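> Predicted structure and sequence below. I'll ask about it afterward.
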Amino acid sequence: MEAVLTISLITLVALLALLSHLGKKHWVAEVILVVALLLGSLLVLGLGVLLGAVLLLTAATGTQGADDPTVTPVIVAVVISAGLAGLALCTPPLLKVLGRPPRRPFRLDPPIFFALWLFVLVLSANLLQLLSFEQIAALTLSSESRISPGLVLASQLPLVVVALAGVGLGLRRGPRETLTRLGYGPVTPLQLGLVALFILGAFVVQFLADSLFATLQPDLYERVGEVTDTLFNPEGLGAVAVVLFALLIGVGAATGEETLFRGAVQPVFGVVLTSILFASVHIQYGPSVLLGYVFVLSLGLGLLRKHINTTASFLAHSGYNASSVLLVYFLGV
C-alpha cells in the first residue's frame, strides 16, 4: 500500500512539473496548473484547520493525555502555515490568469511558480516528520533491516524522475540539453583532486559533529546510531560483497540526491536554500545536531556544483558514502 501511494505521489509531482513547462507555451495548461495547486493549498489549509479543531476539542474535553502528542499546536501551526503559504504563492499566477498580473513577473513563470510551491510543501512535510520523530524512529527500528538494492532503487529512482520532469525532459529539452541543465559534464584531474580533498574534509567535520552529538544529545545519539547500524552496517558480508554494498550506498544515493538537489533544484533556489531542503529530508537523524552537519555537507556539495559541475558533487557524495562503509568494515572506524 505504501509503495502504491509513493508511486502515485511521484507520478503526480512529475505530471505537474511537466504541466508547468507546458504552461510556458499554452494558456490552458497554466490554468490547470494554477487550479490544481490552489486546490492542493486549500486542502492542506483545511487539514490544518481540522487538526486545530481536534486539538481544541481534546483540550476542552480532556480526552488527550499529556503523554499523547499526536496533535500539538506546533504541528497545527506548521500545516496551516504551509496551506497559507501555498495560497500566497498561487495568488500572482491566479491574478495573471484573471488578466491582472502583479508587479513581480518572475513569480509568474510556471516552472518557477511550481518549484516554489513544491519547495514550501516538501519543507513543511519534512518538518512535520521531524516533529514526529519519536513515532517514526520506533517504526524504523522495528521494521527495517540492512538496506537493499530494491530499497535504494525505490528511494532514489523517484528523485531522478522528478528531476528529469522538473527540468522539462521531452517538452523543453532533449536528453543532451537535460544533462547540461542538470550540470553533468567532464571533470579534470585537478577537479578530481578537489573532490578527494572534499571527502577528507567531510570525514573531519563528521568526526567533530559525532562528538558534539554524543555530548549534547546522548540518548538521541544512541537511538540514531541504532537506526544507522541497522541500515548501513556491513557486518557479516564478505570483502567482495562489502565493496558492492559500498557502491550501492555510494552511487545509489548520490545518483538520486545529486541529480535532484544539486542538478535540478540548486540553479533555481541557490546553494543555501537547497541545503536547507536537503538537510530536512534526512529525517533519520531526528532533530539532532547531525542535521547541521548534513547542512554543512550540502553547502560543500553545492559549491562543487556551482564552481565545477554536478559530476563533481556526485563523485564527492558517492565517494564519501562508499568510503564510510568501507572504513567501518576494514578499519572498524
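Structure received. On a predicted model such as this, the values are computed, not experimentally measured, just so you know.
> Disregarding residues adjacent in the polypeptide, which is nearest to residue 87?
residue 41 (4.6 Å; Cβ to Cβ, 6 or more residues apart in numbering). The way it works is simple: take the backbone N, C-alpha and C, and place the C-beta from them, glycine included.
> Kindly report the same for residue 120.
Nearest one to residue 120, counting by Cβ to Cβ, 6+ apart, is residue 85 at 4.7 Å.
> Make sure the one you found is indeed in a helix.
Yes: the assignment for residue 85 is a helix, going by DSSP: H, G, I helix; E, B strand; the rest coil.
> who's in contact with it?
Residue 85 makes contacts with 41, 120, 124, as judged by Cβ atoms under 8 Å, 6 or more residues apart in numbering.
> Which parts of the stretch 51-200 of the chain are helices?
73-97, 110-131, 133-143, 149-166, 175-182, 189-216 (DSSP state H, counting those that start in this stretch).
> And the ones you listed, which one averages the lowest pLDDT?
If you rank these by mean pLDDT, helix 133-143 sits at the bottom with a mean of 53.
> follow-up on the earlier one: what's the distance between the residue nearest to residue 120 and residue 31?
Counting by Cβ to Cβ, to the nearest Å, the gap from residue 85 to residue 31 is 21 Å.
> if we can go back for a sec, so the residue nearest to residue 120 versus residue 91, what's the distance?
In terms of Cβ to Cβ, residue 85 sits 11 Å off from residue 91.
> One more: residue 61?
Remark: distance between residue 61 and residue 91 (Cβ to Cβ) = 38 Å.
> more crowded one of those two?
Of the pair residue 61 and residue 91, residue 91 is the one with more neighbours under other Cβ atoms under 10 Å, namely 13 against 8.
> Now the residue nearest to residue 83 when sequence neighbours are not counted: which helix or strand?
Leaving aside its sequence neighbours, residue 83 sits nearest to residue 45 (Cβ to Cβ, 6+ apart; 2.8 Å). In the assignment (DSSP states H and E), residue 45 maps to helix 27-61.
> Okay, buried residues for that helix please.
Across helix 27-61, burial judged by 16 or more other Cβ atoms under 10 Å covers 29-30, 33-34, 36-38, 40-41, 44-45, 48, 51-52, 55.
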